[in-house]
Each structure stands twice: as C-alpha cells, then as structure tokens.
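S.K.: okay, predicted coordinates and the sequence, questions at the end:
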Amino acid sequence: MNNTFKVVFWGVRGSHPVPGKSSIQFGGNTTSVEIRAGKAIIIIDAGTGIIELGKKIMKDYFSNPNRGSALAINILFTHLHHDHTQGLPFFQPLYLGNSIITMFGPLNFGEELKVVLERSMTPPNFPIDFFQTNSLKKIYTVKEDNIIIIDSKDSSAKVYNRYHDSINQDADSIKIEVMNEYSHPANGVLIYKITYKDKIIVFSTDVEGYLFGNSKLINFAKNADLLIHDAQYTKDEYISLPVPKQGFGHSIAEMAIEVARKAEVKNLILTHHDPNRTDGELKKMQSKYRRRFKNLTYAREGLSFQLLD
Ligand SMILES: [Zn+2]
Ligand SMILES: [Zn+2]
C-alpha cells in the first residue's frame, strides 16, 4: 500500500494571474494545490494553477496500463472568487467521461455550490455549459457540521454529519474537517483540515487575522504538521494610506505566524501572494520571517511538501 501524503503547489497567487519576468521563480498562477494521500487525489481550489495540474493528471491516467475504469478526483473549494475558480473551465478531467469529480464548497449567499458553479460556467461567460461537460459530477455544499471521508485506495468520498451519523472510517481513509471563517468579504471562506495516518494539513487562505490571533483557527489547527496560511499583504500595505488593505480579508505574515505559534504547528507555508510582489521581494520576506518562525516557507509553484513517503 502506497502511504504517500504530500502537498504540491500549482498556483500561489491571489487576485489575478501574473505572467512575466518578475514571477518566474515563485510562479504567477492563482490558487490551486494538489494533495496526494495514498492513491487519492484531492485538490484545493481551482485557480489557474489547476490547468497544468489537470494536464498532468490526464497524462498519468492514460499512461497507466492498470488504470481503473474511472478517474476519481476530489476538489475542495474554499470560496468561489475568480482567483479560486478561473482555471476550472480549462481543467481537462472535467471533459473526460471517465472522470468522477466530487466537489465540496460553501453555501454562497444562500445558494448551493452546484447552482453557483453552473452559473459561473455558462454562455456568455464561457462557450460550454458546466452541465454539458462529460465528467460525472457530485457536488456537495458543506459546513462545519460535515466530515468528509475519502478512501485512499480509490478516491471515493462520503459526506457525514458529525453530530448525527456514525462515521465509517478505517486506517486508510482520509478525514477532512471544515471550519467556517467570516473575515473574508462578503461570504466568508471554508478552512479545511485534512488528516491522514495521524498527519494533519490545514489550508487557510483568504483569511484576515484578528487581535491576539484567530482563536477559532488556532484551536482548529492545533498541533498540525503543516499550516498553509494567507499572507497577501505587507504590514505597510495593511495600514498605509491612501488605500489601507485592512478589512480586505487577507493577512500579513505576522498574523499567520501568530496563529502558527499559538497552534504549535510544525511547519508554516505562506501563500496567496499579492500579484504585485516580485520574486526578489518574496525571497527577502522569506528570509526575514524565517527569523521569527523557523520552519516557514513562501509557497512557490512546484513546491512539494512531503508528510509521509
Ligand atoms: Zn483569493
Ligand atoms: Zn477571495
């Protein structure tokens, strides 16, 4: 049995993609990360980073002579802003009839995830209707009382209610817990905690910190092996006129570090880099903040973080 547990970053930008020479090292694609746990494929967010990931998944699938009949993929959406969804129409497995794509995400202003995804991919915004794509889709609107269990052997997923259902979990399954966070305008985001074989990853983007640290998140991320946290702005940008970024729903590195320290996480990866941030600036910030939290890394495209071999 393959016990791999790893995260690979395919998109690390916030707001919009950034092609060009100032983003060659850290990358210019918007948010998308791949998590592999056993044989399961879990993707968080579908910014433009998911486009190249989709090509790789297709290539691996078709080059595997022992492939099963179905290609099962799980996508967790933190929320549905452009920079977390704009790659989805170009995600090749969406068009593959053999794909089973299970999607999870928040309620959006009272509307189910399925409705909002269908509406975002339809003419005149895009030539092909989401509904017309060939993959088999299962779409779940989730919140804090849900627990998602994914089978690490075949990627199949089940959604449970943590208060009412007896949760069927064996040693090979992946547990995903959900936290509602309201600091991001205007509908909040979901933060995900993914546990596999006692290793824990918490993915927390598009969140703004609070005075004394986000206590709910500190509790949710307690003792995580890896916390991935928003750090879009610098302290200066956060407070300086004419347009202070306070209240925009993003953090500065100091906020992420406070959560990481109080939660006693082992590793911290900062992501959702501002589109204006150059490679040189990101490198400098990484050196600066490593002095405050030793196991800290600024996410870049291609970065792979292995929790289990
Ligand atoms: Zn974003
Ligand atoms: Zn956002």
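M.R.: That came through, no problem. It should be emphasised that the depicted structure is a prediction, and the values quoted were computed from it without experimental measurement. Ligands and ions are numbered 1, 2, ... in the order given.
S.K.: please list the residues of the stretch 51-200 of the chain that sit near ligand 2.
M.R.: residue 81 (Cβ under 5 Å from the ion). Just so you know, the C-beta spots here come from the backbone N, C-alpha and C atoms, and that holds for glycine as well.
S.K.: quick check: residues of the stretch 151-300 of the chain near ligand 1?
M.R.: Going by Cβ under 5 Å from the ion, the residues of the stretch 151-300 of the chain near ligand 1 are residue 206.
S.K.: quick one, helices of the stretch 151-300 of the chain?
M.R.: For the stretch 151-300 of the chain, the helices defined by DSSP state H, counting those that start in this stretch cover 215-220, 235-239, 253-263, 279-290.
S.K.: as TSV, those helices with mean neighbour count would be great.
M.R.: Shown next, in TSV, are these (neighbours: other Cβ atoms under 10 Å):
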stretch	mean neighbour count
helix 215-220	17
helix 235-239	14
helix 253-263	21
helix 279-290	15
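S.K.: any chance of those helices in CSV with mean pLDDT and distance to ligand 2 as columns?
M.R.: As requested, the helices of the stretch 151-300 of the chain are exported to CSV (pLDDT from 0 to 100; distance: least, Cβ to the ion, whole Å):
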stretch, mean pLDDT, distance to ligand 2
helix 215-220, 98, 16
helix 235-239, 97, 16
helix 253-263, 98, 16
helix 279-290, 98, 20
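S.K.: and the ones you listed: which comes nearest residue 99?
M.R.: Distance to residue 99, taken as Cβ to Cβ, is lowest for helix 215-220 among the helices of the stretch 151-300 of the chain, at 31.1 Å.
S.K.: what's the neighbour count on the closest residue to ligand 1 within the stretch 101-250 of the chain?
M.R.: The nearest approach of the stretch 101-250 of the chain to ligand 1 comes at residue 206, 4.6 Å away (Cβ to the ion). If you count neighbours by other Cβ atoms under 10 Å, residue 206 ends up with 27.
S.K.: now it: how far from residue 84?
M.R.: 8 Å (Cβ to Cβ, to the nearest Å).
S.K.: and if you look at residue 224?
M.R.: Taking Cβ to Cβ, one finds residue 224 at 21 Å from residue 84.
S.K.: ok, these two, which is more surrounded?
M.R.: With neighbours defined as other Cβ under 10 Å, residue 224 and residue 84 compare such that residue 84 has more, 26 against 23.
S.K.: host element of the nearest residue to residue 85 once chain neighbours are set aside?
M.R.: Distances taken as Cβ to Cβ, 6 or more residues apart in numbering place residue 46 nearest to residue 85, at 5.3 Å, with adjacent residues excluded. Taking DSSP states H and E as the definition, one finds residue 46 inside no helix or strand.
S.K.: so residue 46 touches residue 84, yeah?
M.R.: Yes. In this structure, residue 46 is within contact of residue 84 by Cβ atoms under 8 Å, at 6.5 Å.
S.K.: what touches both of those two?
M.R.: Shared contacts of residue 46 and residue 84 (Cβ atoms under 8 Å, 6 or more residues apart in numbering): residue 77.
S.K.: mind listing the shared neighbours of residue 206 and residue 84?
M.R.: With Cβ under 8 Å, 6+ apart as the test, residue 206 and residue 84 both reach residue 78.
S.K.: on that earlier part again, and the residue nearest to residue 85, how many neighbours?
M.R.: By other Cβ under 10 Å, neighbour count at residue 46 equals 31.
S.K.: contact partners for it?
M.R.: Neighbours of residue 46 in contact, by Cβ under 8 Å, 6+ apart: 32, 75, 77, 84-88, 91.
S.K.: residues contacting whatever residue of the stretch 201-309 of the chain ends up closest to ligand 2?
M.R.: For the stretch 201-309 of the chain, the nearest residue to ligand 2 under the criterion Cβ to the ion is residue 206, separated by 4.0 Å. Contacts for residue 206 (Cβ under 8 Å, 6+ apart) come out as 14, 78-79, 81, 84, 184, 189, 230, 249-250, 272.
S.K.: distance across stretch 293-309, terminal residue to terminal residue?
M.R.: 25 Å (Cα to Cα, to the nearest Å).
S.K.: mind listing what's buried in it?
M.R.: 293, 296-301, 303, 305, 307-308 (16 or more other Cβ atoms under 10 Å).
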